[in-house]
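**Student:** no FASTA, just this:
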C-alpha cells in the first residue's frame, strides 16, 4: 500500500537548525521531518570536537556499514571532554568536487549519521534538504543519506533537473556524474563523479530510492521539472517570498523598496492551477503556520504545507539556546523585524535577516569581522584563464575575489553565511583575534508572532506544540 503523503513538511533549515533531533520529533508526530544537509561534514567534525556529549554521533557512527571508516573518523576528530575554548576547529578540505578518499568518506558518513539519528526509534518518514547551489558535495552526500534510509530528498536554490536520474542510478548501485555550473565554461564543461561500488569497497548494502521534491517558486519551472526532463521529480514545494533563508530573486530587473528590500510583483506569484494540472503532489511554503492558511492551501489542490520558522525556535531545533530566548522575547514583545537583504548572501539570492544584538546584521559587527573563507560551501565555480576550474566567493577577502575576476560591486555587503550559520548552532569558529565568528539570524516573515506557540506560564514550546496548533481539526 502506498505511504500516505504528509500534510506538514518541516523545512530543512541549515546549517544545523533542522538537525536530527528536530526531524526525529516531527517524524514521530506523523509528519515529514527534514534534516539539513548543508555543511553536514563540518557539522560532524565539530560535534566530535566538542566531545559528542551524549554520545549520539558515535552511536550512529557505529551503525555505518563500513566500521573501519567510521573508526578512522572518530580517531581523527573526537576529543574526549571536548576541545578547549582557545582551540580552533580543524578546517576540512574544500575540494569537494574532486574529494580525496578521506573527504568522500566524511561526506558519506556525515549524511548517514544525520539521517540515521533522525530515523532512530520510530517508523515515520524523514527527508534531507540540500541546496542545488552547493553542488560539489552532492553526489556522495545523496548516497550517504540513502545508506541510512532517507525517505525524501528536497532541493532548492537552483534548478535540480539532474537529481531524479542520479537517485535512480544510485539506487541501482551505478556510478553517477553531474555537470557543475561553472561560469565561463567552454567545451564539455566540468563534472563531479561518484561510484558507490568504489566508495563502499566493492560490497553494496541494499538502498532504496527516496522520493525527490524540488523546491520552486515558478509554475514554469514546475512544468519543466515535472514533464520535460528524462526522469521527472516526484513533487514540489512551492515557496513564496515570505519564507526564511534564501529567497528566489524577483523576476526581471531587480528593484528595491525605500528600505532596500527586493520588490516582488505579480510575475513572482506562481500559477497554482498550472502546477496542480501537472498531476504531481505539491506543498506550499511561506507563512502557512496556522490552520486557516493550511485549509487555503488544500483548497488549491496542494497536499499540504511546509513550515520552517515555527520549528526553528522550538525546543528540539539546533538553534543556540540564547538565540531562541532572545528572538522569542522580541516576538513576545512585538519588536521582531525581518529584512530581506538583496546582497547578504554570496550566492546572489536575497536572504532574510533578523536584526539582533551581536549579529552581522549590525554594521559595526559586520565591519569588524576579518573576511575569510574557511568552509567554502557557497563559493561559485568559474573557468580560469588557464582553462582549469577555480572557485571564488563574494564574501572572501575582497582583493582575493578581485584577483579571481570578481568585482567590488559584487563583494560589497556580502556576509560569510557559512561561518555565521555555524555560530547560530553554537559551533562558531575561533578567529585569530580571539573572537568567535559573529552569527546572522534568518527567519520567515511569520517570526512576528511565533511566540504564540508558547503556552501560558511556559518559556518555550516543542515541535509537537507546533503541529498540534497548526493542523486543522477537520
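**Tutor:** Perfect, I can see it now. Since the model is a prediction, treat every value here as computed from it, not as a measurement.

**Student:** any idea how far residue 378 is from residue 371?
**Tutor:** The gap separating residue 378 from residue 371 is 14 Å, by Cβ to Cβ, to the nearest Å. Where you see a C-beta, it was placed from the backbone N, CA and C, and this is true even at glycine.

**Student:** whoops, I mixed them up, residue 196
**Tutor:** Taking Cβ to Cβ, one finds residue 196 at 38 Å from residue 371.

**Student:** cool, and residue 104?
**Tutor:** 29 Å.

**Student:** next: residue 118.
**Tutor:** From residue 118 across to residue 371, the span is 34 Å (Cβ to Cβ).

**Student:** tell me which of the two has more neighbours.
**Tutor:** Between residue 118 and residue 371, counting by other Cβ atoms under 10 Å, residue 118 is the more crowded of the two (33 against 16).

**Student:** mind checking how far that one is from residue 318?
**Tutor:** Separation of residue 118 from residue 318 (Cβ to Cβ) stands at 12 Å.

**Student:** residues shared between the contacts of those two?
**Tutor:** Between them, residue 118 and residue 318 share no contacting residue under Cβ atoms under 8 Å, 6 or more residues apart in numbering.

**Student:** quick one: secondary structure of residue 155?
**Tutor:** On the three-state scheme (DSSP: H, G, I helix; E, B strand; the rest coil), residue 155 is labelled strand.

**Student:** ok, what's across the strand from it?
**Tutor:** residue 130, residue 214 (DSSP bridges).

**Student:** OK, contacts around it?
**Tutor:** By Cβ under 8 Å, 6+ apart, the residues touching residue 155 are 129-132, 163, 212-215.

**Student:** distance of it from residue 38?
**Tutor:** Distance, residue 155 to residue 38, using Cβ to Cβ: 11 Å.

**Student:** over to residue 107?
**Tutor:** 12 Å.

**Student:** now stretch 67-87: buried residues?
**Tutor:** 69-70, 73, 77-78, 83 (16 or more other Cβ atoms under 10 Å).

**Student:** residues making contact with that stretch?
**Tutor:** 44-45, 48-53, 58, 61-62, 64, 89-90, 102, 105-106, 108-109, 430.

**Student:** mind listing the strands for the stretch 51-200 of the chain?
**Tutor:** Per DSSP state E, counting those that start in this stretch, the stretch 51-200 of the chain carries strands over the ranges 126-131, 152-156, 176-179, 182-183, 191-194.

**Student:** return the most buried member of the ones you listed.
**Tutor:** Among the strands of the stretch 51-200 of the chain, strand 126-131 has the highest mean neighbour count (mean count of other Cβ atoms under 10 Å), at a mean of 28.

**Student:** so which other helices or strands are in contact with that one?
**Tutor:** Applying 3 or more Cβ pairs under 8 Å, 6 or more residues apart in numbering; DSSP states H and E, one finds that strand 126-131 contacts helix 20-28, strand 33-36, helix 101-119, helix 138-147, strand 152-156.

**Student:** go through the ones you listed and pick out the most buried.
**Tutor:** Comparing those by mean neighbour count (mean count of other Cβ under 10 Å), strand 33-36 comes out on top with a mean of 31.

**Student:** touching that strand from outside, list them.
**Tutor:** Contacts of strand 33-36 (Cβ under 8 Å, 6+ apart): 9-20, 22-27, 114-115, 118, 124-129, 152, 154.

**Student:** list the strands paired with it, with their directions.
**Tutor:** By DSSP bridges, strand 33-36 pairs with strand 126-131 (parallel).

**Student:** what mean pLDDT does the strand it pairs with have?
**Tutor:** When pLDDT is averaged along strand 126-131, the result is 96.

**Student:** that strand: how far from the chain's middle?
**Tutor:** With Cα atoms, centre = their mean, to the nearest Å as the basis, strand 126-131 stands 7 Å off its chain's centre.

**Student:** what angle do that strand and helix 101-119 make?
**Tutor:** 130 degrees (axes from the mean of the first three to the mean of the last three Cα atoms, to 10 degrees).

**Student:** quick one, strand 126-131 and helix 138-147 angle?
**Tutor:** Going by the same axes, to 10 degrees, strand 126-131 makes 170 degrees with helix 138-147.

**Student:** and the contacts of strand 126-131?
**Tutor:** Contacts of strand 126-131 (Cβ under 8 Å, 6+ apart): 9, 11-14, 18, 23-24, 27, 32-38, 111, 114-115, 118-119, 138, 141-142, 145, 149-158, 210, 213, 246.

**Student:** can you map out the helices along the stretch 251-400 of the chain?
**Tutor:** 272-278, 291-299, 309-312, 321-332, 363-368, 398-403 (DSSP state H, counting those that start in this stretch).

**Student:** what's the most buried one of those helices?
**Tutor:** helix 309-312 (a mean of 28).

**Student:** who are the packing partners of that helix?
**Tutor:** Applying 3+ Cβ pairs under 8 Å, 6+ apart, we find helix 309-312 packed against helix 463-470.

**Student:** again, only this time at 10 Å
**Tutor:** On a contact count with 3 or more Cβ pairs under 10 Å, 6 or more residues apart in numbering; DSSP states H and E, helix 309-312 meets strand 8-10, helix 20-28, helix 321-332, helix 463-470.

**Student:** select, out of the ones you listed, the one closest to residue 219.
**Tutor:** strand 8-10 (19.4 Å; Cβ to Cβ).

**Student:** what are the buried residues along that closest one?
**Tutor:** 8-10.

**Student:** re earlier: between the helices and strands packed on strand 126-131, which one is closest to residue 364.
**Tutor:** Taking Cβ to Cβ, strand 33-36 is the member of the helices and strands packed on strand 126-131 nearest to residue 364, at 29.7 Å.

**Student:** report pLDDT for residue 217.
**Tutor:** On the pLDDT scale, residue 217 is placed at 88.

**Student:** neighbours around it, how many?
**Tutor:** By other Cβ under 10 Å, the residues close to residue 217 number 25.

**Student:** next one: the one 5 residues further on
**Tutor:** Residue 222 is surrounded by 26 other residues when neighbours are defined as other Cβ under 10 Å.

**Student:** that one in helix, strand or coil?
**Tutor:** With three-state DSSP as the basis, the three-state label of residue 222 is helix.

**Student:** so where's this structure uncertain?
**Tutor:** Applying pLDDT under 70 to the chain picks out residues 1-3, 474.

**Student:** would TSV of the buried residues of stretch 67-87 with distance to residue 201 be doable?
**Tutor:** As requested, these are exported to TSV (distance: Cβ to Cβ, whole Å):
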residue	distance to residue 201
69	9
70	13
73	15
77	21
78	23
83	31
